[in-house]
Structure formats: structure tokens, C-alpha cells
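Peer 1: Sequence and predicted structure, then a few things I'm wondering about:
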Amino acid sequence: MKYSRFEVDKVKKDADIRRLIPGASQSKVNQYIECPFCGEAKKFRVRFSSQYNCAFCMKCNEGFSNPIAAYAYLNNLDIERDFLKCLEGTAQECGIIITPEETRRKETVKKIKETIRQSFCSQQLGGSGLAVDDVMANVVENGQELIKSPFQPGSIGQGFIPDLKGDDMLIFYYDLYGRPMQYSVKGSKSLRNYVRARYANPDLHVAQDGTKMKYQTPPGAPAQVFIPEKIRRLYKSKTPIEVLFLQEGEKKAEKACKHGMLSLGLQGIMNIGNKEQGLIQAIQDIVKTCQVRHIVLIMDSDWNDLSKNITTGDRADKRPVSFASAVIKFKQYVETFHNLGLNVDVWWGHVNANDHGDKGVDDLLVGSLLGRESELMDDIDRTMHSHNGKGTWLDIHKITAVSDAKIRDFWCLNDCQAFFETHRERLSEIPTFKLRGVRYKVEDGAMIPVSRYSSDADIFTIEKDSKDNDKVCLNYTETYRFLSASGFYRLRNSDEAASGYDFIRIDEGIIDRSAPYELRDFILQSLVSTKKS
């Protein structure tokens, strides 16, 4: 049997100590009686009010700090060894009703099950292989300890105020101590509880850029991390966590925790932190308190897919660049722990594509690994101790000492030809696309640059140096014509500036400032592409 801290505090505050001490009158708030310790008459002060619930001797200085201590002494019990018996005995004698934590939990779970039964929220949890019992959390609201599910049916009203009526799914965020996370609204001094929405019908919820929203975070609120109850308990008890995983999605984190993959839920791969703070503070606190040795960012199996919305002339590498940037930023943030004397290794990984079509870790656990969930952590452990980071279900790579350029290599971002070979089928569907500022098209299965530049002369020649090695020599006149045809110009800025001009590029009516190294890279990429084609 176990009682919550709030039940214990209730007994200490509300149980009338006068009912436990022989000789004390229940009609007097402040009285002096014979001391049960030294026997001195009218020296033992008994006080019961909204502020005091104690007793002590003015002569021997012995006494009781609360009614539970009084019950223990007067019944010859050891308050530490027999605390449960003392608590229940005090409550019974003083008419205080207390409920065991397990009983409260069962009653709460039963009510919540009835509430979310047949709802969109229930479908969402079930789709990730979660039951109500799996996600229950001990939270503190308005000074009371409650057992609640962070996933509840409801809807979002005007001003992003949650309403428990409705058939969307509301996701309530609680901090490491079980208190509701809060945020401030511009123009208001009051704080609001941090609640995210998962819409049942995304078609009805369109962002300003026209995209349909499955999830929505309170407008103007910072990105937060979702903390499953299992992680919260480990934090409170300061239990060491060897490996901590970060995953995109609240349900995914809960399902992973259920099967031993201790995870926090991110709202998106880019929502890891910010330049001023680094990693979200809650992640930092867990790493420090639980002595995390390895922190792993996990992505879904579509980690290397191109955007579904690429149109003619778009950047083909925009999505891969975003993913690579997230990993680089993640590594940079974790590296700051060394300034605190913490040795934390950084890892990045992703779910592998499989015949079952599992996208995320939760899909994997309810799909290919259903009934064999323990195999997931076994595979992860083998993969993290392998030489190449290749696993059956997930690939996981240690990037603690890996350069940013090497991280970009995972997406072939440093080699346009390799990028094309990886995404040949998808890129062949697009009339023209950009890679590293150069426009390309696919002809006869090959990627060739598209340019408004045309000339009988090449912008370069291959010549021999003094050691008979090949070297590239630019034809400066043709290179100038090539850059002009590609939209590069010089724009006069100020006579006081170092050069007196800036480089710009005009592409499809859009003017962008260009650094000298960007012109160099543009020429180099054109040379490489021409040579390969």
C-alpha cells in the first residue's frame, strides 16, 4: 500500500492532534496539560489551528511536530519503520479519509477510459499500440496531486483555449515535476497551460502558407519537449539513464518508453532548442540529473526522402538540407555539455525501411515487431556497438567527433552526382531542379546543367603543369560571360566600402546577395557537372 505525498500532508494538516493526546480538550485552540514525556503539570502546550497542529513541552523541549508523530509515540511505534501503520491509524482516529495511490489510479483510469472510449483520441493511442494505462501521469494542478492522461479528447477554441468537448486530440504538457508547462501570451499578464492539438480532420485547419495542419502548437509559444511519466519518475529519483533518445512525436515517445527505449518527444526535428539556450532546458536538466552518457536523435524511415511538393525549378535538396542541419545543430548543442564537465556522446539514427512499411518507432513496434518488442532494444544495443552503425531495424551512427561535412554526406549533399544517383527516379519526374545553386535537368538518364549561357568556347581548358599533371585553366572572358548569363552581377554599394560593390544574382526575378565564395562554388560545380556528363 502506498499513499501520495499530498495524502500524507492532508493528514498532518487536518488530523486534530488534540484527539490523540490524553488530557487535551478538543474545545481549546491553545492549552497547557501534563507532559507525557517528563510528567510536568501544565507545561505541555497543545496547539490546533489553521497554522499550528503540534505539541511541545516548555520544560523538557520534547513534543510532536504533527499528529502522525504523536500517534507513533503514544502507541509505541517507530515512525520510520511503521510509517504506513502510523499514517492510517492517525487518519482513522481523526476521521480523515485517505485513499491509496493505486486505488486512486484505478478509479481515474476507469473514468478516463469511459471518457475517451470510441473517440479520435482513443484511435490515435490505439494506432500507436498504447492503452490509457500506459500514458497515465502523476501531475500537480492547483496544489493537488492528480492522476491524469496527457492525451484527452477535446478541441481548440478561439484564442487557442482548450475545450474538453470535441473530437480532436489534446496533448497536455507537464514539466519534470508534473506541473503543467505554461507560456505567456503577448499582451496578457496571465499564463496559459501548454496544450498541443492533433486534429481529426486536418483539411479544416490550414496554416498561413496554405498547408494543412495535423498538429498545432499554441501560436507564439516556444517549442517544448514532451516528457513521458517514466522519464519523469527516473528524473525525480535521480536514476542514471545510460541512453536517452529524442524522437519526433509525443505518442512515439510514450510507446518507446513502454518497451524500454527511454525517449522524449520532439515537436519536429528542428525543434531541439535555440541559439540562445541550446537544447531545450528540460533535456539539459535530464542529462545532468540522470547522468546521461549517450543521447540519440532518431528520425523516421523517410529521413532521406525528397519533398513531395518539388515543382519545376525548385531546390531538390531542400528537405535533406533541413534534416542534415537539424543533426548538425543537435550535435553542436550537445557539445556544450563539455563546458559543464559532462561527457556525453552524440548519436544520430533512423528507422530502416522494411517490407511492412513501418515509418516510425511506434509503427515498428505495432507492425514488424508486434509480439517481439524486446528485439528492438537488443537490435539497438548491437547497432550502437557495431563498427558501421548498421542495424536490422535502425541505423545509428556516433557523430560525437564527426565533422559537419561528414554529416552532410549521409544525405550526399557534398556530391551532386551521388545525390542524383540516390534520387534518380524522383528527380527524373521533375523538368528542371536546382542543386547547390545550379539548375539541372535529366536527359537520357543523366543529369546535365541548364544554363542560358551558350558559346562555341568552353570556360576552361585542361593543361599540364610543370610536373605533367592535369590542371584546370579558366578562360576569364568566357567565365565572365558564363556568370553574366547565369544571372550574376556586380552592384555598386558605397564608395566607402572595401570593394565599392556587392555581388548579386537575379534568378527568375528574385535578387539575392552572393558572396565571392558562392560564385566560386557555382563555377566549380558547373565544371564538375560538365566533366561528369
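Peer 2: Yep, it's here.
Peer 1: How about residue 514, nearest residue that isn't a chain neighbour?
Peer 2: Counting by CB to CB, 6 or more residues apart in numbering, residue 514 lies nearest to residue 503, which is 4.4 Å off, once chain neighbours are set aside. Every residue, glycine included, has its C-beta placed from N, CA and C.
Peer 1: next one: residue 186
Peer 2: Leaving aside its chain neighbours, residue 186 sits nearest to residue 220 (5.9 Å; criterion: CB to CB, 6+ apart).
Peer 1: Counting neighbours, what do you get for the one you found?
Peer 2: Residues lying near residue 220 (other CB atoms under 10 Å) number 10.
Peer 1: surely it meets residue 187?
Peer 2: No - Residue 220 is not in contact with residue 187 according to CB atoms under 8 Å; the separation is 10.1 Å.
Peer 1: ok so, going back, is the residue nearest to residue 186 in a helix, a strand, or coil?
Peer 2: Assigned with DSSP: H, G, I helix; E, B strand; the rest coil, residue 220 falls in the coil class.
Peer 1: so where's this protein uncertain?
Peer 2: In the predicted model, the chain carries pLDDT under 70 at residues 112-118, 451-458, 494-499, 508, 528-533.
Peer 1: For the biggest strand by length in it, list every residue counted as buried.
Peer 2: Assignment by DSSP state E gives strand 162-172 as the longest strand of the chain. For strand 162-172, burial by neighbour count (16 or more other CB atoms under 10 Å) applies to 162, 166, 168-172.
Peer 1: do the same with stretch 273-286
Peer 2: 273, 278-280, 282-284, 286.
Peer 1: gap between the two ends of it?
Peer 2: The straight-line separation of the ends of stretch 273-286 (CA to CA, to the nearest Å) is 15 Å.
Peer 1: Same check on stretch 110-121?
Peer 2: Across stretch 110-121, first to last residue, CA to CA, it's 16 Å.
Peer 1: And the residue nearest to residue 186, how far from residue 357?
Peer 2: Noted for residue 220: a distance of 37 Å to residue 357, by CB to CB, to the nearest Å.
Peer 1: three-state assignment of the residue nearest to residue 514?
Peer 2: Strictly by three-state DSSP, residue 503 counts as strand.
Peer 1: Reformat the buried residues of strand 162-172 into TSV and put distance to residue 16 next to each item.
Peer 2: Converted to TSV, those look like this (distance: CB to CB, whole Å):
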residue	distance to residue 16
162	40
166	46
168	48
169	46
170	42
171	43
172	37
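Peer 1: Do a quick rundown of the strands in the stretch 201-350 of the chain.
Peer 2: Using DSSP state E, counting those that start in this stretch, the strands of the stretch 201-350 of the chain run over 215-216, 243-248, 263-266, 273-274, 278-279, 294-299, 345-351.
Peer 1: Now do the second one and strand 294-299, the angle between them.
Peer 2: Spelled out, it's strand 243-248. Between the axes of strand 243-248 and strand 294-299, defined by axes from the mean of the first three to the mean of the last three CA atoms, to 10 degrees, the angle is 20 degrees.
Peer 1: check contacts around the residue minimising distance to the centre of the chain.
Peer 2: The centroid of the chain falls nearest to residue 266 when counting by CA atoms, centre = their mean (2.5 Å). With contact set as CB atoms under 8 Å, 6 or more residues apart in numbering, residue 266 has these partners: 223, 225-226, 246-249, 272.
Peer 1: Other residues contacting stretch 269-282?
Peer 2: 175-176, 222-225, 227, 246, 248, 264, 266, 283-284, 287, 297, 299, 322-323, 325-326, 329-330, 333-334, 336.
Peer 1: contacting residues around the nearest residue to residue 100 once chain neighbours are set aside?
Peer 2: Nearest non-adjacent residue to residue 100, counting by CB to CB, 6+ apart: residue 1, 5.1 Å away. Neighbour list for residue 1: 84, 100, 102 [criterion: CB under 8 Å, 6+ apart].
Peer 1: in the sheet, who's paired with residue 463?
Peer 2: Partner residues in beta bridges with residue 463, using DSSP bridges, are residue 471.
Peer 1: Number the chain from 36, please
Peer 2: Will do, 36 is the new start, and the previous item becomes residue 498.
Peer 1: Surely it touches residue 504?
Peer 2: No - counting by CB under 8 Å, residue 498 stays clear of residue 504, with 9.8 Å between them.
Peer 1: Following the chain past the helix or strand encompassing residue 143, name the next helix or strand.
Peer 2: For residue 143, the host element (DSSP states H and E) is helix 136-151. Where DSSP H and E defines the elements, the next helix or strand beyond helix 136-151 is helix 155-162.
Peer 1: What ranges does the stretch 286-435 of the chain have for its helices?
Peer 2: Residue ranges of the helices in the stretch 286-435 of the chain, as given by DSSP state H, counting those that start in this stretch, are 316-324, 353-370, 396-401, 409-419.
Peer 1: CA atoms only for the second one, dumped as PDB, please.
Peer 2: Output for helix 353-370, consisting of C-alpha atoms alone and laid out as PDB, is shown next (Å, rounded to 0.1, in the frame of the first residue of the first chain):
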ATOM      1  CA  LYS A 353      15.800  21.500 -49.500                       C
ATOM      2  CA  ARG A 354      14.400  18.700 -47.300                       C
ATOM      3  CA  PRO A 355      17.600  16.800 -47.000                       C
ATOM      4  CA  VAL A 356      19.500  20.000 -46.200                       C
ATOM      5  CA  SER A 357      16.900  20.700 -43.400                       C
ATOM      6  CA  PHE A 358      17.400  17.200 -41.900                       C
ATOM      7  CA  ALA A 359      21.200  17.500 -42.100                       C
ATOM      8  CA  SER A 360      21.000  20.900 -40.500                       C
ATOM      9  CA  ALA A 361      18.900  19.500 -37.600                       C
ATOM     10  CA  VAL A 362      21.500  16.800 -36.900                       C
ATOM     11  CA  ILE A 363      24.400  19.400 -37.100                       C
ATOM     12  CA  LYS A 364      22.500  21.700 -34.700                       C
ATOM     13  CA  PHE A 365      21.800  18.800 -32.400                       C
ATOM     14  CA  LYS A 366      25.400  17.900 -32.200                       C
ATOM     15  CA  GLN A 367      26.500  21.500 -31.600                       C
ATOM     16  CA  TYR A 368      24.000  21.800 -28.700                       C
ATOM     17  CA  VAL A 369      25.000  18.600 -27.000                       C
ATOM     18  CA  GLU A 370      28.700  19.500 -27.300                       C
END
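Peer 1: the inter-axis angle of it versus strand 329-334?
Peer 2: Going by the same axes, to 10 degrees, helix 353-370 makes 170 degrees with strand 329-334.
Peer 1: Buried residues, helix 353-370. List them.
Peer 2: Using 16+ other CB under 10 Å as the test for burial, helix 353-370 gives 354-355, 358-369.
Peer 1: Closest one of those to residue 288?
Peer 2: The shortest approach to residue 288 among these belongs to residue 365, at 16.1 Å (CB to CB).
Peer 1: ok, so what distance separates that closest one from residue 437?
Peer 2: Per CB to CB, residue 365 is found 12 Å from residue 437.
Peer 1: can you pull the contacts of residue 42?
Peer 2: Here residue 42 is in contact with 133-134, 136 (CB under 8 Å, 6+ apart).
Peer 1: one more time with 10 Å
Peer 2: Contact analysis of residue 42 by CB atoms under 10 Å, 6 or more residues apart in numbering lists 122, 126, 131-136, 139, 180.
Peer 1: How many neighbouring residues does the spatially closest residue to residue 465 that is not a sequence neighbour have?
Peer 2: Nearest non-adjacent residue to residue 465, counting by CB to CB, 6+ apart: residue 345, 5.7 Å away. By the criterion of other CB under 10 Å, residue 345 has 19 neighbours.
Peer 1: I figured residue 345 hits residue 351, correct?
Peer 2: Yes - judged on CB atoms under 10 Å, residue 345 makes contact with residue 351 at a distance of 6.0 Å.
Peer 1: what touches both of those two?
Peer 2: Taking CB under 10 Å, 6+ apart as the criterion, residue 345 and residue 351 both touch 461-462, 465, 468-469.
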